[in-house]
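**Q** give me coordinates for this.
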Amino acid sequence: QVQLVESGGGLVQSGGSLTLSCTASGFGLGSYAIGWFRQAPGKEREGVLCIDSSSGTMYYIDPLKGRFTGSRDNAKNMVYLRMLNLKPEDTAVYYCAAGLRSSCHYGYQYWGQGTQVTVSS
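**A** Numbering: from 1, shown residues only. Purely as a prediction, here's the structure:
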C-alpha cells in the first residue's frame, strides 16, 4: 500500500523552529520529485518547496527562502522540511507529496494526510 506519513508538527512560539518528516511506504521516494505544501485556515493550499530527485535542485517560493529548507534521505525513504524563524503566518497544515516524475514540473501523485503546525505570537 502506497502511503506518505508526515510527522513533527506541533505548537511552537514565534521565532522557533521545527523539522517535519515525511516517510514513504509502498514505493521508493528516490525516483520522484518531492514537494511540501501547506494550507492555512481559510486559504488555498500553496506549494512550499519541491526537491527534484534527479538534479537535487530545490525550488522555493520566494518568501520562504532562507527560512525553509528541504532534504531527503533516499536510503530511509524519508524527506524533511526544516523550518526556521517561524512566524504566526506559517501556521498551517503541512503536506508532503510525491511527484509523477523526478522533475518538479509534472505534478504529484501521492499525498500525505498532513501535520498541523501552529506558531503562537
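**Q** contacting residues around the residue nearest the centre of the chain?
**A** For the chain, the residue sitting closest to the mean C-alpha position, by Cα atoms, centre = their mean, is residue 36 at 2.6 Å. The contact partners of residue 36, by Cβ atoms under 8 Å, 6 or more residues apart in numbering, come to 20, 22, 47-50, 68, 70, 79, 81, 94-97. (C-beta placed from N, C-alpha, C; glycine too.)
**Q** pairing partners for the least confident helix or strand in the chain by mean pLDDT, with directions?
**A** In the chain, no helix or strand scores lower on mean pLDDT, DSSP states H and E than strand 58-60, which sits at a mean of 84. Pairing partners of strand 58-60, with direction, according to DSSP bridges: strand 46-51 (antiparallel).
**Q** what count of nearby residues applies to residue 34?
**A** Here the number of neighbours of residue 34 (other Cβ atoms under 10 Å) works out to 29.
**Q** make sure it is actually in contact with residue 56.
**A** No. Proximity of residue 34 to residue 56 does not meet the contact threshold set by Cβ atoms under 8 Å, at 11.2 Å.
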